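Enquirer: dropping the sequence and predicted coords here.
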Amino acid sequence: MKKIRFALAAAFLLAAVAMFAQYAQNAQAPSVKRNILFKQDMTIPGREAVMALVELPPGSAEGKHTHPAEVYAFVQEGTILLEAAGKPDATLKAGDIFHIEPGQVHQAINKGTGTAKLSAVFIAEKGKPLTTKAE
């Protein structure tokens, strides 16, 4: 009887471990939120101004991408690691600002424990997708 209980307990434990492992494997990294706050045609022909709020939960990364725009960003809260082609990686904290050139491959990563929030202004080419995934 003890052997049967032990075998049942072991089988239950193995099933629980397998279910947890499957859940952990299927769990996705937290996703980045982008909220366009303002979009307006500019007096510069073929350009539009776009203001956005970007939120990066802990452990999230934007993924490498480009913009058909000059980007000026301000770190409102938290800390990010900024990877930008042609520049050394930079750790930026609340109060820091940065610039991304048109077509420059880059990404922000939040390796911290709190949500990072960025405000960004894009001087973009009108009619083009604001963000394009990079390889």
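Expert: Sure, I can see it.

Enquirer: give me the neighbour count for the nearest residue in space to residue 129 that is not next to it in sequence.
Expert: Excluding the flanking residues, the one nearest residue 129 by C-beta to C-beta, 6 or more residues apart in numbering is residue 68, at 7.6 Å. No exception for glycine: its C-beta is placed from N, CA and C like everyone else's. By other C-beta atoms under 10 Å, the residues close to residue 68 number 16.

Enquirer: correct me, but residue 68 touches residue 100?
Expert: No - look at residue 68 against residue 100 with C-beta atoms under 8 Å: they stay out of range, at 11.4 Å.

Enquirer: residue boundaries of the strands in the protein?
Expert: Along the chain, counting by DSSP state E, strands occupy 33-41, 47-56, 65-66, 69-77, 79-84, 90-93, 97-100, 106-109, 116-125, 132-133.

Enquirer: quick check: mean pLDDT of the fifth one?
Expert: So that's strand 79-84. Mean per-residue pLDDT for strand 79-84: 98.

Enquirer: ok, and what's touching it?
Expert: Strand 79-84 is contacted by residues 56, 64, 89-94, 98, 100, 104-112, 116, 118 when judged by C-beta atoms under 8 Å, 6 or more residues apart in numbering.
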